[in-house]
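attaching a predicted model along with its sequence, questions to come.
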Amino acid sequence: MTLTVRWQSASVAATLLGIPGVTADDSRTIRATGALPALYRQFGVWLRVAASLTHQRPYC
């Protein structure tokens, strides 16, 4: 499975690139692949990081 998220802020995407397995599609879009339970946990981490940096949520 693949999880791809486009953020409102390029700074959030850049910060999340420090997580192993996270790659960039462009300056605001990141992607990770793996099993669904792992991606679900990964997304939770991404949301907490984004909220702590900018109080912004991803585009849906």
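Structure received. Numbering: from 1, shown residues only.

phi, psi of the residue nearest in space to the middle of the chain?
In the chain, the residue lying closest to the centroid (CA atoms, centre = their mean) is Trp46, at 4.7 Å. Taking degrees, to the nearest 10, you get phi -60, psi -40 for the backbone angles of Trp46.

list the single closest residue to it in space, sequence neighbours excluded.
For Trp46, ignoring the flanking residues on the chain, the nearest one in space by CB to CB, 6 or more residues apart in numbering is Leu16 at 5.8 Å. C-beta: built from backbone N, CA, C; applies to glycine.

so where's this structure uncertain?
56-60 (pLDDT under 70).

80 instead?
Along the chain, segments meeting pLDDT under 80 span 55-60.

could you pull out the helices for it?
Using DSSP state H, the helices assigned to the chain run over residues 10-16, 36-54.

need these in JSON lines (columns: distance to Ile30).
Converted to JSON lines, these look like this (distance: least, CB to CB, whole Å):
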{"stretch": "helix 10-16", "distance to Ile30": "5"}
{"stretch": "helix 36-54", "distance to Ile30": "8"}
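
most packed of the ones you listed?
helix 10-16 (a mean of 18; mean count of other CB atoms under 10 Å).

just checking, Leu17 touches Ser27?
No - assessed by CB atoms under 8 Å, Leu17 is found out of contact with Ser27, at 10.5 Å.

returning to what we had before: of the helices of the chain, which approaches Thr2 most closely?
Among the helices of the chain, helix 36-54 comes nearest to Thr2, with 8.0 Å by CB to CB.

by contact count, what packs against that closest one?
strand 2-6, helix 10-16, strand 29-33 (3 or more CB pairs under 8 Å, 6 or more residues apart in numbering; DSSP states H and E).
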